[in-house]
Every structure is written in structure tokens, then in C-alpha cells.
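[1] just coords:
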């Protein structure tokens, strides 16, 4: 999920994957309910653990495979002639040389480690503190929320769109795997975990991405019918939300074009790729919105048809967040298949890394296989199931929707300014609308400078607000200033740097202006 505009290029592609260049599809299965619609599911402990291992291993394989493609193909497909590397030893090479790639995993493990240390009833403050103070670099909703938490804005306000311009981004979607894997057959239990942790960094559609992925994992323990799985998990999302409508469209388009995943991809592009919130994606083809990237996960699952290689390929070749999306898809499919049935080709080299702790954690795959299994057994017991000898009986849950949330209601980006200069003293701008976001940078890549700029933000000559702008990369303020829900009309914003530094730079980027109607609608009048 990392913004690679701030990093050196990821590993270059090498040998082509042996999966076929043209992905012919088998006829789609109908989304029938499982036989008998059982109210309980009994598995052996070995079978349950095999599925949990499959989920963790699958997401690790997926993020590694898609890593070189991450945000290199924005608003376009990755064509079949573009090779994507996979070979024996590649997992170990990547985990050694590109450890930052695995934010999909170490963010999950941050929360797993809190659960293991404090128990399943750990307060949200423990999860927020652990991730806000972790040593890893973050972006988008995660970094905005980290800053909020470190400056006294606690969850759920840390993830609310009024405090976090990236609230609709993919962040919790890529971190919700643990919630599903510890809640086999219990989507509502996973949603309760997501309500607590997902609101640390997201709200609205960004939060729904994690709820839905978590539900997909929980139901992957109960069925191998993928069309049924994606429809059933969607019951956890309010029907009125844009997120539900987008995934419903993907399901419908899959039925309409069962053998052509690219046609469904084009339909998603036409209808669902307008990003309202994330300043990095407004007016640009770049899109880290949870809704669109979830659509790519579902496209991979549906058109992959249970084939591990096809699922990886399609979810990666949809582009945008092309490491996180195959990670989610492969983790869900790995849970369906179980560790033992992930094809050997995709597990080559996996044994060499399973004892390696992920960077910034004290947890390896081998450890989370065991810890995740322990947490799942406890969740089964807490939710009316039984663990007797080698048998685990799960009380299955009918998915119910979480509450309706909507970000950026009535806000539409209509123009942008491009100051693109160092703020040495003051910068002011006038606009007509209802909101604004000012982007910029105070921290150089990997810098941990202790210096903190102080910036005064004044709107319409009202009492100014003074904000901290750290120059350390881990604690930086992701966007310099923003305000939504202003009265419609003309406004003046003044930014004043109170403590300039001769050695460090506060760089202004772009200014995004919001109105209550899209430009096209205004122009038609």
C-alpha cells in the first residue's frame, strides 16, 4: 500500500510467471447457499489450523508476487506480456531486501501481538498506541491517524474523515485479515473487531473495505463456492453505501461477462474510479480508494475460479494497489484451500521464510500460525461454539450489516492550486467553496529529525489554529492543513510558518478546493 513516489523503485521484474498468458475462464458457479444452510460447522483442529495457515501464507505469497507492480499501473491494466517474477528463493530475497513491502503483514501482526499480550478484550487504546508508536513508515489513512493519535485525537475520531482526508483509503482493508482469520464462520464477530480497530485509521468506505475482507475470510472457512462467498460477505455492508453498490456491480458484471474479467474491469473504471477524498488521487489516475481496490480483489476471486495462479494474476493485473489486492485475494483463497492445497509452485521457498520475524515485529509466520489458531479457538468458545478433544464445533453466524457511514458527503473537488514552493513565511489563497486540503512535505524520506515546525492556520480572519509539522518521517503530518464543511461562499486561508529553519524545509504541494456540486453540474447551468 506504500506510496512508492516517496521510495526507491521496488524490485524489477525478472523471470516470467509460469501461469498462462491468456487466462481462459471456466463457467461461473451460481451463488447457491451451502447444502442445508447448517447452523454449526465441525472441523478437526488440524483442518482449522490448516485453513488459518493457508490464510497467512496466502497473503504473504500475494503481497510478494504483486510487489514490483505496486502503483506502477494506475488507471490501466497490466498486460499479459508484462512478466511478473516468481521463482524458488524469491520470497526470501524479497523479505530480506524489501522488508517495507510487508506492511500488509506487519500491520496485522501489530494487532495480533496486542491481542496475545493483553487478551481478546484489549482496549482500543492499546491497539492505537502500539501502531502509532511503531517504528515502521506509514502512508495515507494510517499516517494521518498516527499523527492524530500522537496529538491527542483518539479513535474513532482519529479515522473520521473530518480529521483524516484519507479516511476512504485502503488502509484497514489490508490490515483486517487477522480479524477474519481469528473468527472462523463468524462474520459478525469479525465485524465487532473491525468496529474497534478499523476506526483507528478509517471511516465510511475505507472502514467497509476491512469489514468486507474480514467477512470474506470468516466465510472462507465454510464454503469453496466463491460466488456465494462474495455475495454472503457483502451482507455485512449497508446496502445504501457506495461500497456495497460497487461490489454488487462487480458481482452483476461477472454474471454478465463470465469469461471476460477485463470487461468487468472496464465497467469498474467507468463507474467507480472517481476519488473524492485522497488528495493523491483527486484529479489523477492514482487510486488508493478502498472501494475500487476491493473491486479488484473480488474480480480476482470471481474470475480466478478457485485457481490460485489465476486469482493472483488477475487481482495483480487490475493495477493500482497491485500488491495489497493479490495479498487479500490469495489470503482468502488460501483459507478456502488450506495450506496443504496451495499449489507447490506458489509455496516454493515459503519454508525458508516461515521462521523469519517480520520487520518491526517479534512474530514470524510459524508463530502467527500458532497464535492465530489459539485466538480462533478462544473466539469459537466465546461465540457459542465448542472445542472438545480434536473437534471444533463453530456456531455459524448469519452476516448482518454494520452501521451506515458516509465520508465527504456533499463535497466535490472542483479545482486545485499548485504553489509548489517552500513556505518560508506566509502563504495565502482565496477560494469559493466549502472546503480545502493543502498538501506538502516537511520530512525527507527516512529522516528522523527531531525538529518540529509550527504553522498557524487562519481561515477568514477567525482565531488561528497552530499545528505541529514534524520533520521526522515516522511522525510527519501527512497533509499540512485542511477544513471541510465550511459555509458555502468565498473564503481566505492564510498559512504562517512561525519557526522557519535554515537547514530544513516546509514544502507546499497542492491546494484542493471543494464545493457542494461537481464542476460538470455547475457548468450545465
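    Okay, I see it. Please read these numbers as outputs of a predicted model, since none were measured by experiment.

[2] contacts, neighbours, all on C-alpha from now
    Will do.

[3] all strands for the chain, in order.
    Shown for the chain, the strands assigned by DSSP state E span residues 40-44, 386-388, 391-395, 412-417, 421-422, 426-433, 435-441, 448-459, 465-472, 481-483, 489-497, 507-515.

[4] Mind listing the strands the last one pairs with, and their directions?
    Strands flanking strand 507-515 in the sheet, each with its direction: strand 412-417 (antiparallel), strand 421-422 (antiparallel), strand 435-441 (antiparallel) (DSSP bridges).

[5] Tell me what angle the longest one forms with strand 465-472.
    Right, the one you point to is strand 435-441. Between strand 435-441 and strand 465-472, the angle formed by their directions is 30 degrees, by axes from the mean of the first three to the mean of the last three Cα atoms, to 10 degrees.

[6] ditto for the first one
    Angle, strand 412-417 to strand 465-472, by the same axes, to 10 degrees: 70 degrees.

[7] Please tabulate the strands of the chain in a markdown table and include mean pLDDT as additional columns.
    Below are those laid out as a markdown table (pLDDT from 0 to 100):
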| stretch | mean pLDDT |
| --- | --- |
| strand 40-44 | 98 |
| strand 386-388 | 98 |
| strand 391-395 | 98 |
| strand 412-417 | 96 |
| strand 421-422 | 96 |
| strand 426-433 | 98 |
| strand 435-441 | 98 |
| strand 448-459 | 98 |
| strand 465-472 | 98 |
| strand 481-483 | 98 |
| strand 489-497 | 98 |
| strand 507-515 | 98 |
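
[8] Which of those strands sits closest to residue 269?
    strand 412-417 (18.7 Å; Cα to Cα).

[9] buried stuff in that closest one?
    412, 413, 414, 415, 416 (16 or more other Cα atoms under 10 Å).

[10] The last one contacts residue 515, doesn't it?
    In other words, residue 416. No: when contacts are counted by Cα atoms under 8 Å, residue 416 is not listed as touching residue 515 (11.8 Å).

[11] Kindly reformat the strands paired with strand 507-515 as a markdown table containing distance to residue 455.
    Formatted as a markdown table, the strands paired with strand 507-515 follow (distance: least, Cα to Cα, whole Å):
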| stretch | distance to residue 455 |
| --- | --- |
| strand 412-417 | 19 |
| strand 421-422 | 13 |
| strand 435-441 | 12 |
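
[12] do you know how far the nearest residue to residue 338 once chain neighbours are set aside is from residue 201?
    Of all residues not flanking residue 338 in the chain, residue 51 sits nearest, at 4.1 Å (Cα to Cα, 6 or more residues apart in numbering). Going from residue 51 to residue 201 by Cα to Cα, to the nearest Å gives 28 Å.

[13] do the same with residue 61
    25 Å.

[14] Also residue 454?
    To residue 201, residue 454 is 24 Å away according to Cα to Cα.

[15] okay, the two: which has more neighbours?
    The neighbour comparison of residue 454 against residue 201 (other Cα atoms under 10 Å) goes to residue 201, with 33 against 16.

[16] Which residue is the nearest non-sequential neighbour of residue 339?
    residue 54 (3.8 Å).

[17] What of residue 330?
    Residue 330's closest residue in space is residue 58 (Cα to Cα, 6+ apart), at 4.7 Å.

[18] again with residue 135
    residue 360 (6.4 Å).

[19] is it true that residue 265 touches residue 319?
    No: Residue 265 is not in contact with residue 319 according to Cα under 8 Å; the separation is 10.0 Å.

[20] Looking at these two, which one has more neighbours?
    Legend: neighbour count by other Cα under 10 Å for residue 265 and residue 319, higher for residue 319 (26 against 20).

[21] Quick check, pLDDT for that one.
    Note for residue 319: predicted pLDDT of 97.

[22] Let me know whether it touches residue 73 as I believe.
    Yes: taking Cα under 8 Å as the definition, residue 319 is a contact partner of residue 73 at 5.1 Å.

[23] Now list whatever residues contact both of those two.
    Residues touching both residue 319 and residue 73 (Cα atoms under 8 Å, 6 or more residues apart in numbering): there are none.

[24] so which of the strands paired with strand 507-515 comes closest to residue 347?
    Comparison of the strands paired with strand 507-515 against residue 347 by Cα to Cα identifies strand 435-441 as nearest, at 40.4 Å.

[25] ok, and what's touching the closest one?
    So strand 435-441 is contacted by 165, 279, 411, 478-486, 506-515 (Cα under 8 Å, 6+ apart).

[26] Tell me the buried residues within the residues you listed.
    For those, a burial check counting by 16+ other Cα under 10 Å picks out 165, 279, 411, 478-485, 506-515.

[27] what ranges of the protein fall below the confidence cut-off?
    1-37, 520-525 (pLDDT under 70).

[28] Setting the sequence-adjacent residues aside, check what's closest to residue 510.
    Excluding the flanking residues, the one nearest residue 510 by Cα to Cα, 6+ apart is residue 418, at 4.6 Å.

[29] Can you get me a residue count around that neighbour?
    Close neighbours of residue 418, defined as other Cα under 10 Å, add up to 12.

[30] what does residue 211 give?
    32.

[31] if I pick it, what's in contact with it?
    Listed by Cα under 8 Å, 6+ apart, the contact partners of residue 211 are 173, 176, 190, 191, 194, 236, 237.
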